[in-house]
Every structure is written in C-alpha cells, then in structure tokens.
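Chemist: Generate a structure from the sequence data that follows.
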Amino acid sequence: MPRRMKLAALAATTLTAALLLAGCSTAASDSSTGSASAGATIEHAFGETTVPANPKNVVTLGWGSTDASIALGVIPVAIPFDSYAGDKDGVLPWVKDAIEKDGAAMPTILPDSPDEPPYEAIAAADPDVILAVYSGVTEEQYKKLSEIAPTVAYPDQAWSTPWRDVVTTVGTALGKSDEAKTVLSDIDAQIAQKASEHPEFKGKTLAAVADSSGTFYVYKKNDPRVGFMFDLGFTNAPAVDDLSNGDGTFFYTLSYEQLDKLQADVVLNYATTQADADAFTSSPQTSVIPAVAAGHAAQLVGAQNISAVSPPTALSLPWGLDNLVDTLTAAVK
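Modeler: Below you'll find the model as predicted:
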C-alpha cells in the first residue's frame, strides 16, 4: 500500500503512513511561548524546541509542513521527496503550483528515504529550523535532527497531528501566527461553502476504507482524513467503532468475511487506480458491503486526488476539494 494511502497504515504503524490518515493533539497556541521577535518555544512529543525568531532556512519533513510553510509565505530550502503522488522529481502538484505562482526557485528535494531522514542532505541545506509536525520521526531520529537544527516534532503521536494544528504549529514556529489564522479562516470558508451547497451530506453516516493487496483497511474517526469528512456534514458510521479490533490507532484491518457488517450510508474508498476502484465494486468480497451493494460507494481515484485529502493540507485542500465533493455527491444520490 503506497504511503499516502498508507497514510493511515504506514503512518500510524511506523512512519510511512499513512495514506489515507486526527487525533486529539495540543494546538500550538496552547503549547508554545514567546513572541515573533524573540522566537517561540514549542512543546511536542519529545520535549520542547526553541525556534529562532523569523527563521529563513526551513527544512520540512513528513506531510503538511511543506504546504503550511509555503501558504504562510516561507518557501522551504529543502522538502521531502513524495514517491506516491509526486512527479518524477517527487514534487506534489499543488506544491509546484504554489512555488511557481510565487516566482520562487524550487527547493532542494531531499532524497527519498522512508526509513531514516537523509541527515547529510538536511545538514547541507543549512536549516534554521526543521519542521516535522506531521511525521513519523522517532525519538532517536529527533535527537539526530536536533543536532543539525532546532526540530519541531509532532505534539503527541506519529502521523496524527490534525491538519489545522499543522498549520497553527508551523505558523508559531515561523513567527506567523496571525497569517496562520488567516489561512485557516480562508480554508474553513471554502469547506463551509461546500457543506452549505450540499445539505444532503448532513447526518449521513460514512465509513472510509481502502482495499489493498488483499488487506481491507477501515479508518477510524480520529484519523485526520475521516475528521475532515465531518466538516462537510457526514457523521462516523457506528459500525466503524463496533467492528474495530483494536489493532491500530487510526485504522484497523477487517476480514472480508465481516464486510457485510460494515453498515454506512456511504463508503468512501481510496483507490490508487481505476482498476482498483472497479474491483472494489465488482469483487464478490467487497460488493457485499451494504453501501456498495446499494450503489453508494464513493470512489476517490488516483494518487494525487487521494493525497490531497489524506489528510488535507493548507495547499492540497483547495486543490482537491471540488473533486472530493463531486465524488461524495455522486455516491449520496
């Protein structure tokens, strides 16, 4: 299962993941001190980090920090390679669009290194701060990164920071808290507009799933990608909680023999290819899901479309919102 698609799987289990992947975390405004002129001290899972005032050389790791930094007007000097939805250079389309619109030079793309941060390449970028707010860095990796530059990790658990908190925390680190509020306000207005245009979403129960390589994944309500669905008016299908076997924090695997028990008004399936989407509705194993049998399967197809909302970011959400809403609208009817 690819990273963004695993965003739930990989991320929640180790580091990669999560594609397809909010748990409760402490917002930056509640866990940081200092002012823009003096820098900020930000609490996170491995302690606290003091970031110098107005850092210029920013390196980002994981998911979402790149987008938040760019949305706040700071183009990082180095960003992670995205092997799932990026282009041949590992750059996501909304990131490329935003940088080109700004007229800035493309940042250094860090080597694709899923198991260990590329320390040498990071050090070569001479960062003032390393932002890994939504990532899977371990404590040992955090210590190594901190020897290079002040490093801001996730507030609680790996791959679990709510997307809004990513924006807020990055804003605090960059001395741009007011700008972060504006970014979030603008995005929330877009989401609210879509929700108001689609009152049919309100109260509909939803289960978010992925069928990959013979394993069926169900995403829990505290997974960031699922929480975003609630913003549009959907509610968590009770069956998602009832069938949980406790084998994951933000997702769990479900046997094919139990899929007929996955009751929901709508099932949102993340399918990397159209062939995967077609198999989801035609396979004897998955077609027994009540919503699938009733024609209420929403198929989000393609790595970029999946990544844009799994979970959303400051740049990806505006990029992918229309497609997601269209997909859900077709399934609700």
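Chemist: and the nearest residue to T253 once chain neighbours are set aside, bridged to which residues?
Modeler: Sequence neighbours aside, T215 is the residue nearest to T253 in space, at 5.6 Å (criterion: CB to CB, 6 or more residues apart in numbering). For the C-beta atoms, the positions are set from N, CA and C on the backbone; glycine is no exception. Assessed by DSSP bridges, T215 has beta-bridge partners S212.
Chemist: Same check on Q299?
Modeler: Beta-bridge partners, per DSSP bridges, of Q299: N269.
Chemist: how deep is it tucked in, by neighbour count?
Modeler: When neighbours are counted by other CB atoms under 10 Å, Q299 registers 20.
Chemist: can you check the one 3 residues further on too?
Modeler: For G302, the tally of surrounding residues (other CB under 10 Å) stands at 19.
Chemist: Report the buried residues of the lengthiest helix in the chain.
Modeler: Counting by DSSP state H, the longest helix found in the chain is helix 177-197. Within helix 177-197, the residues that count as buried by 16 or more other CB atoms under 10 Å are S177, E179, A180, V183, L184, I187, I191, K194, A195.
Chemist: How far away from the center of its chain is it?
Modeler: A distance of 17 Å separates the centroid of the chain from that of helix 177-197, by CA atoms, centre = their mean, to the nearest Å.
Chemist: Could you measure from V170 over to E120?
Modeler: 24 Å (CB to CB, to the nearest Å).
Chemist: I meant to write D126 there.
Modeler: D126 is 12 Å from E120, by CB to CB.
Chemist: A78 now?
Modeler: Using CB to CB, A78 is found at 12 Å from E120.
Chemist: who's more crowded, those two?
Modeler: Neighbour count, other CB under 10 Å: between A78 and E120, A78 has more, with 22 against 9.
Chemist: Contact partners for the more buried one?
Modeler: V59, T60, P107, T108, I109, L110, A121, I122, A125, P127 (CB atoms under 8 Å, 6 or more residues apart in numbering).
Chemist: So which residues of the stretch 51-200 of the chain form strands?
Modeler: For the stretch 51-200 of the chain, applying DSSP state E, counting those that start in this stretch gives strands covering 58-60, 78-79, 108-109, 129-131, 151-152.
Chemist: Reformat those into JSON lines and put distance to A314 and mean pLDDT next to each item.
Modeler: Listed next are these as JSON lines, based on distance: least, CB to CB, whole Å; pLDDT from 0 to 100:
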{"stretch": "strand 58-60", "distance to A314": "12", "mean pLDDT": "99"}
{"stretch": "strand 78-79", "distance to A314": "14", "mean pLDDT": "99"}
{"stretch": "strand 108-109", "distance to A314": "19", "mean pLDDT": "99"}
{"stretch": "strand 129-131", "distance to A314": "13", "mean pLDDT": "99"}
{"stretch": "strand 151-152", "distance to A314": "16", "mean pLDDT": "99"}
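Chemist: Next, format these as CSV and append distance to V226.
Modeler: As requested, the strands of the stretch 51-200 of the chain are exported to CSV (distance: least, CB to CB, whole Å):
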stretch, distance to V226
strand 58-60, 24
strand 78-79, 26
strand 108-109, 30
strand 129-131, 24
strand 151-152, 25
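Chemist: Show me the domain layout of this protein.
Modeler: 38-177, 191-332 (automatic domain parsing).
Chemist: Give me the residue ranges of this protein where confidence is low.
Modeler: Scanning the chain for pLDDT under 70 picks out 1-38.
Chemist: swap the cut-off to 90 and go again
Modeler: Within the chain, the stretches with pLDDT under 90 are 1-39, 114, 160, 213, 222-224, 228, 245-250, 310-311, 333.
Chemist: ok, now which residue in it is the farthest from the centroid?
Modeler: Ranked by distance from the centre of the chain (CA atoms, centre = their mean), the top residue is P284, with 31.0 Å.
Chemist: do you know how far that residue is from A293?
Modeler: From P284 to A293 the distance is 11 Å (CB to CB).
Chemist: need the contact list for S146.
Modeler: For S146, the contacting residues are T49, by CB under 8 Å, 6+ apart.
Chemist: Sorry, wrong one. I was asking about W94.
Modeler: For W94, the contact set (CB under 8 Å, 6+ apart) comprises D67, A308, T313, L315, S316, P318, W319, G320.
Chemist: Burial check on the closest residue in space to the last one that isn't next to it in sequence, number of neighbours?
Modeler: Nearest residue to G320, sequence neighbours excluded (CB to CB, 6+ apart): A308, at 2.7 Å. By the criterion of other CB under 10 Å, A308 has 26 neighbours.
Chemist: do V137 as well
Modeler: If you count neighbours by other CB under 10 Å, V137 ends up with 23.
Chemist: Use 689 as the first number for this chain going forward.
Modeler: In the new numbering, first residue 689, that becomes V825.
Chemist: quick one: it and R913, what's the gap?
Modeler: Applying CB to CB, the value for V825 to R913 is 21 Å.
Chemist: Same question for V954.
Modeler: Going from V954 to R913 by CB to CB gives 14 Å.
Chemist: neighbour-wise, which of those two wins?
Modeler: Neighbour count, other CB under 10 Å: between V954 and R913, R913 has more, with 27 against 21.
Chemist: Which strand or helix spans the more buried one?
Modeler: helix 912-919 (DSSP states H and E).
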